[in-house]
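# Fold the following and give me the result.
(chains A, B and C)
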Amino acid sequence: MPADGQLLGRSVPNVDGVALVTGQAAYTVDLALPGMAHGRIVRSPHAHARVLAVDASAALALPGVLDVIVPADVAGLPNVSTGPLLDMPLLAKGKVRYAGEPVAAVIAETEERAAEALDLVEVAYEELPVLLDPEAALAPGAPLLHEGLEGVEGNVCWRQVTRVGDVDAAFAGADLVLSERFRTSKAHAMPMETHAAVASWDPVEGAVTLWTSTQQPHVVRNVAADVLGLPQSRVRVIKPFVGGAFGHKEGLHTHEAMAMLSARRLGRPVRFVLTRTEEFTATVSRNPQIRDVEIALRDDGTVLGWRERIVQDVGAYSGLGPSVLALSEWVAVGPYRTPALDIDGVCVYTTKPPASAFRGFGNPQATFAREVMFDIAARALAIDPLEFRRRNVIRERDLPTRTANGLKLDTLPIEQAMSVAADAIGLPRLRAEPRPLRGVGIANMIEWGGGCRWLEDWDSDLGSVTVTLNADGSAVVASDAADSGQGHATLFMQITADLLGVEPASVSVVRGDTERSPFGLGTFGSRTSVAQASALHRACAELRDRVLEVAAHRLEAHPDDLVIRQGRILIEGSSRGLDLAEVTGMIHDHRASLPAGMETSALVATASYDTPCEVPDARGYGSFAANYSCSATIAVVDVDPDSGKVTVVDWSTAEDAGRTLHPDMLKGQVQGGIAQGIGYALGEDLLFDQSGTMLNPSMVDYQVPTAPEIPLMEAKLHTLESHDPAHPLQNKGIGESGVTPAAAAIANAVHDAIGVPVTSLPLTPEKVLAALDRARAATAGAGS
Amino acid sequence: MRTFQFVAPTSVEATLALLGEHGPDASLLAGGQSYLILLRQGLVAPEVLVGLRGVAELARVERRDGGLRLGSMVTYRTATRDPAVAARFPAVAAAAGSVGSVHIRNRGTIGGSLCHADPAGDLPTVLLTLDATLHTVRPDGTAAGHRVDDFFRGLLQTRLEDDELLTWIDLPEQPAGSTFGYRRFSYRHGEYPMAVAACRLDWEAGRCAGARVAVGGGGPFPSRLPELERLLEGVAADGMAAAAATEDPYERLRPLADIRGGEAWKRRVVTKLVRDTVADAVRRRS
Amino acid sequence: MSEHPVTLRVNGREQARTVPAQRLLRDLLRDDLGLTGTKGACEDGMCGSCSVHLDGQVVKSCLVLAVEADGAAVTTIEGLATAGQLHPVQQALIDNFGFQCGFCTPGFAMTMAALLEDEPELDAERAREALVGNICRCTGYVRIVASLLDAGRRVRQAAAPAGGGDDAR
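Numbers count the residues shown, from 1 in each chain, chains lettered A, B, ... in the order given. Sure thing, here's the model as predicted:
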């Protein structure tokens, strides 16, 4: 593919910029349709209870209340799930399993009236025992959340085993075996825009339109069609601007279904917007994991084997929990040569809001356990943590290679990343000039992206794009990708302008509309810059060939000698050429100008890209993702000796992005991920009282970082170019890279500062102070 | 949120008339930066809400001898920018500048802060060290000057009656050469403080002639630490740190345990904050 | 009894509405006046996405009742650009990629514009502190802070006595 790269690789202005900085960009909650009614969800106050009866009569009697949907109305509908276990009803079927679970929906003339009506829906509950601890959920005799579900044994809904290499020999032959338990927290994505949906019913067409804040318009469309009993051709899902998602807005949600059902029942548009409280109590969060680790080591620091037992708390419904567990095991090896892995994990139900996808998808948890264990091991062997890692990482000379569990690596500049990160933070000087209670922590990671496969039954990982070249040479790009701030429109504009030579300003990107975009799975797992971008590459190639065939005919040249650049088709090395618009015009309306036998036609190309991944086998061996990137991160923290409060004072990251398509947008993804990682490390956790009621469902009590807490790290963030040969644009998906190693780096820095490791997240001041007390006591006890 | 009637008087007289007319059905709205959250969460439900922003006479800063009279509706913004406040009561200016964010400081008021009585309120804690008098008036004409020490009674509770309007806060001239300290600890930047410590140290011939030490977040409401104050009195400047390091005055602190941490941990944090604040005031002597 | 007439000057235009006393200024702007650039993202006055200028000062419009703003002048994000030209903070946000999903961006832009009026000389440390009342979940704040500092430079350059002709943009 000649002549690309004029816009790709450059930080061109974000095409959505003006709309966003002027407040003109419309999000779902900004939409107002004539006659729009407002809905709210009635939610269970109990964490575990039988639902004996739901009486809507008092609510319906309230003036202004238009409709109430109760479980009986939807009893025949199948359960839904973003994952392999269809365990979640749209409205409670006889039982509620977390405080906040939807039980009914009220629709009224105004938002206020709908809120009032919530209290008037009378629900009779019979409370059942609450189960909050996943290990207690494993115990015999524990209350059961689900019964009669295929594949579910007790409260265990999934088991994942990864066993490769000779683990027993590794441990038998080790000079040192260490073990440790790690715990991670129930963090919440907390995107700034809450879930919102507006549905409208067209009685003439018998069709529904749903505007919704989603990552997966086509998936939502297909599941909604089932729920509504409509063909997919009569369901349209439109994605307006989305105010952040991070894995939090996948699949069909109850409020979306209720909006569509009530819009059809009422013949009026209906809007549901979740409050921030509902976001915390009733939408998905990161999967907390308990990881019991054993590491087999040689005296020189070589990691011989790695054993983990994982208990993952999926909450009341499994969602993507099984997938998170599987991928969490498959990246546990990190960017290292460890030859033997024995990882056995289970997903366990508890009576808490469901956990599912959140940026990193099991990798933050795996990286935390591994990198903190590595530091514990390094110190036990009196080896510098950076050196320990150098002795174990996959080396440049090893490439191409596969990890012990089969991750296929063509490029992985982890050695270089470590050097760059160490240089950037000034590691030698930090080591030479230590300060009391200031610590430096390192974390390496391997990250997957670009698409994935993990289950035999899920045999497609599609991204699709339709490109239309108009008669005047302008282009329309329509993709299943669902932007929530990543800048897809800009990326697609860059690709189209470079590959088709269209005027950049003439590229129009459709923002997510199942009626105008071809089917694909949407945006998640850092896939779009590889999956849909590769599909776009294919579609552009097809149109380029057609355009050049005609241009070659007109110029009496060979298509291979032609380039398209900024709207002009030229014979390479000469100034002889044609305007692209002239050629596209001919293709549309002047057969006589075309090669013999060619008809006039529209210029539309649709291409899909099914990412080339292997589903790992029963051992867990296989390259499940489209690409793997890596990074080295170094965090510098201060620990307050009197409160235990941890302040992040400096940060460096060297990030492998494959080929950089847009330097500033890439950095934005990494910086944003790091900030989420800092929050994950230092305070983000959803907490519950003994009755299963959430204690901190507000922005006051759920602590995400604010500006003063993030170091100004711009100068110390480096990207490494390593062109990935597997994909046409040679880049790697990196949306999750910032967050994955962050908590590990901070935990290691705290370990460095206080002398003892803290092995559970978050690193709250109280917890760190207690660890510091232990460290001081140990030092005092040791006599000096 | 239930509905209510909103009225916006433009004088103290008119305000008192409204309070007299509506009795306990009426509530006063100062800056609204705390009150609106209570309103939106249904924790308060007035029948009549009397907005005080239009009562200009309550928003004045008046110099009085070497002290100040601050109207109850003086905003944090005014308190940080008025040169008389910064010059005469730097702790007040510092505390007012630390509250929340610029948005909160533009609307929130000194009087509102006092009447809201957050257990770790910055302004209430600072004012406890300044011998402040809180002047009020009621519809029947009764005027009162409450000592700030007596003002806070319980969690989010003051001694004010339902119909008692806080008009101004008198800050008397502080002893010549006295130094101040003010620190706050928040679990996370930008949220309400978990603990606030403030002090005023009076000096004579190199010795502490009198100490006022106040803590917010050491219990259900901001309060002074009289035991510590007694321990500091008469101590030479270079002995103050040791005096403040005694365990006893802090033992009776009962911070409210919550999701941020337990009572014991919070007590440690508050204790250190107080000691550091005293040290700041000692350092400011030179 | 609880319906109150309010008159405000919003983005330079007189607007009169009748609202219940409990209507938040934010909701008057969004729902009654259709100015949806101002957002709402929390219930505790924490996030700052509702920031507007009220009589020249930046406030959180979810912490102001509409009735409190009777007679006042309000500027929303829709009124920040003037005469078809973006405000320096808006241009700086674009040039420095100071946004991703954009939901917090109007709130930040209004706050930043006000900060530059209060403290045109603010430095990086002060900029980080001053933005504490606005939450962003996408960017990690690095580029937002850079945008504020860049906007400060532009504002100072524009205010400087005429030197190089095309400094001010």
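
# Spell out the secondary structure type for whichever residue of the stretch 101-250 of chain A sits closest to chain B.
Residue of the stretch 101-250 of chain A nearest chain B, by CB to the nearest CB: A:Glu112 (7.8 Å). Glycine gets a C-beta too; all of them are placed from N, C-alpha and C. Judged by DSSP: H, G, I helix; E, B strand; the rest coil, the three-state class of A:Glu112 is helix.

# Check what contacts the lengthiest helix in chain C and list those residues.
Once chain C is assigned using DSSP state H, the helix that runs over the most residues is helix C:142-159. For helix C:142-159, contacts defined as CB atoms under 8 Å, 6 or more residues apart in numbering or on different chains pick out A:664, A:667-668, A:671, A:707, A:710, A:712-714, C:88-89, C:91-93, C:95-99, C:108, C:112, C:115-116, C:120-124, C:127-128, C:130-131, C:136, C:167-169.

# which residues touch the residue of chain B found nearest chain C?
The nearest approach of chain B to chain C comes at B:Ser101, 2.4 Å away (CB to the nearest CB). Going by CB under 8 Å, 6+ apart, B:Ser101 touches B:190, C:48, C:130, C:132-134.

# ok, 7 Å please
Applying CB atoms under 7 Å, 6 or more residues apart in numbering or on different chains, we find B:Ser101 in contact with B:190, C:132-133.

# can you check A:Gly658 too?
A:Gly658 touches A:627, A:629, A:722-724, A:730-732, counting by CB under 7 Å, 6+ apart.

# Strands - which of those residues land there?
A:627, A:629 (DSSP state E).

# Pull out the buried members of the contacts of A:Gly658.
Neighbour-count burial (16 or more other CB atoms under 10 Å in any protein chain shown) is assigned, among the contacts of A:Gly658, to A:627, A:629, A:722, A:724, A:730-732.

# Test my guess that B:Ile110 contacts B:Asp122.
No: using CB atoms under 7 Å, B:Ile110 is not in contact with B:Asp122, being 10.4 Å away.

# Show me which of those two is the more surrounded one.
Neighbour totals were compared for B:Ile110 and B:Asp122, and B:Ile110 leads with 30 against 27 (other CB atoms under 10 Å in any protein chain shown).

# can you tell me which residues contact that one?
B:Ile110 sits next to B:70, B:72, B:74, B:79, B:123, B:169 when contact means CB under 7 Å, 6+ apart.

# Among these, which one has the most neighbours?
Going by other CB under 10 Å, B:Leu123 tops those with 31 neighbours.

# Would you mind naming what in the stretch 651-784 of chain A lies close to chain B?
A:683, A:687, A:695-696, A:700-701, A:703, A:706, A:708-709, A:765-766, A:769 (CB under 7 Å from any CB of the partner chain).

# ah, wrong one, I meant the stretch 51-200 of chain A
Counting by CB under 7 Å from any CB, no residue of the stretch 51-200 of chain A is near chain B.

# how about the residues of the stretch 51-200 of chain A that lie near chain C?
Residues of the stretch 51-200 of chain A found near chain C (CB under 7 Å from any CB) are A:190-194.

# From what I see, A:Met190 and A:Val704 are in contact.
Yes: counting by CB under 7 Å, A:Val704 is a contact partner of A:Met190 at 5.9 Å.

# Looking at those two, which has the bigger crowd around it?
The neighbour count for A:Met190 versus A:Val704, taken as other CB under 10 Å, is higher for A:Met190 (26 against 23).

# hang on, the earlier thing: burial measure for the residue of the stretch 101-250 of chain A closest to chain B, as a count.
Using other CB under 10 Å, A:Glu112 has 16 other residues around it.

# repeat for B:Leu43
10.

# Look up the pLDDT of it for me, please.
On the pLDDT scale, B:Leu43 is placed at 94.

# Equivalent analysis for A:Glu721, please.
Among the per-residue scores, A:Glu721 holds a pLDDT of 89.

# Could you list the low-pLDDT ranges of the stretch 101-250 of chain B?
Within the stretch 101-250 of chain B, no range satisfies pLDDT under 70.

# again, only this time at 90
In the predicted model of the stretch 101-250 of chain B, residues B:187-192, B:247-248 satisfy pLDDT under 90.

# which residues in it form strands?
Secondary structure of the stretch 101-250 of chain B by DSSP state E, counting those that start in this stretch: the strands cover B:133-137, B:143-147, B:152-154, B:157-158, B:165-171, B:179-185, B:195-204, B:207-216, B:223-224.

# separation between the nearest residue to A:Gly585 once chain neighbours are set aside and chain B?
Nearest residue to A:Gly585, sequence neighbours excluded (CB to CB, 6 or more residues apart in numbering or on different chains): A:Ala471, at 5.1 Å. Applying CB to the nearest CB, to the nearest Å, the value for A:Ala471 to chain B is 52 Å.

# Excluding chain neighbours, what is closest to the residue most central in space within chain C?
For chain C, C:Met110 is the residue whose C-alpha lies nearest the centre (CA atoms, centre = their mean; 1.5 Å). Distances taken as CB to CB, 6+ apart place C:Ser51 nearest to C:Met110, at 4.3 Å, with adjacent residues excluded.

# List the contacts of the one you found.
Applying CB under 7 Å, 6+ apart, we find C:Ser51 in contact with B:103, C:58, C:60, C:107, C:110-111, C:134.

# List the beta-bridge partners for it.
According to DSSP bridges, the partner residues bridging C:Ser51 are C:Lys60.

# Over to C:Gln85?
Going by DSSP bridges, C:Gln85 forms beta bridges with C:Thr82.

# so how far is A:Leu77 from it?
53 Å (CB to CB, to the nearest Å).

# Of those two, which one has the most company?
Higher neighbour count among C:Gln85 and A:Leu77: A:Leu77, with 18 against 10, using other CB under 10 Å.

# What about the buried ones among the contacts of A:Gly658, which are in helices?
Among the buried ones among the contacts of A:Gly658, no member falls in helices (DSSP H).

# picking that back up, identify the contacts common to A:Met190 and A:Val704.
C:Arg137.

# got a list of what A:Glu447 touches?
A:363, A:628-630, A:734, A:736-737, A:740.

# which residue does chain C bring closest to chain A?
Going by CB to the nearest CB, chain A is nearest to C:Gly37 of chain C, at 2.2 Å.

# Confirm for me that A:Pro757 is in contact with A:His751.
Yes: using CB under 7 Å, A:Pro757 is in contact with A:His751, at 4.4 Å.

# What is the nearest of the contacts of A:Gly658 to chain B?
Nearest to chain B among these, counting by CB to the nearest CB, is A:Ser629 at 31.0 Å.

# could you dump the strands of the stretch 101-250 of chain B to CSV with distance to chain A?
Shown next, in CSV, are those (distance: least, CB to the nearest CB, whole Å):
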stretch, distance to chain A
strand B:133-137, 28
strand B:143-147, 30
strand B:152-154, 21
strand B:157-158, 21
strand B:165-171, 26
strand B:179-185, 7
strand B:195-204, 9
strand B:207-216, 15
strand B:223-224, 21
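
# how about the ones you listed in CSV, adding distance to A:Ala422?
Below are the strands of the stretch 101-250 of chain B laid out as CSV (distance: least, CB to CB, whole Å):
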stretch, distance to A:Ala422
strand B:133-137, 58
strand B:143-147, 60
strand B:152-154, 53
strand B:157-158, 56
strand B:165-171, 54
strand B:179-185, 34
strand B:195-204, 38
strand B:207-216, 44
strand B:223-224, 51
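
# Just name the most buried of these.
Counting by mean count of other CB atoms under 10 Å in any protein chain shown, strand B:195-204 has the highest mean neighbour count of these, with a mean of 26.

# what's in contact with that strand?
Residues contacting strand B:195-204 (CB under 7 Å, 6+ apart): B:91, B:120, B:122, B:125-126, B:128-130, B:174-175, B:177-185, B:208-217, B:269-270, B:273-274, B:277-278, B:281-282, B:285.

# quick one: the helices in the stretch 201-350 of chain A?
A:217-228, A:254-266, A:276-282, A:321-330 (DSSP state H, counting those that start in this stretch).

# Please apply the same query to the stretch 401-550 of chain A.
Remark: helices assigned in the stretch 401-550 of chain A by DSSP H, counting those that start in this stretch are A:414-425, A:427-432, A:488-500, A:531-555.
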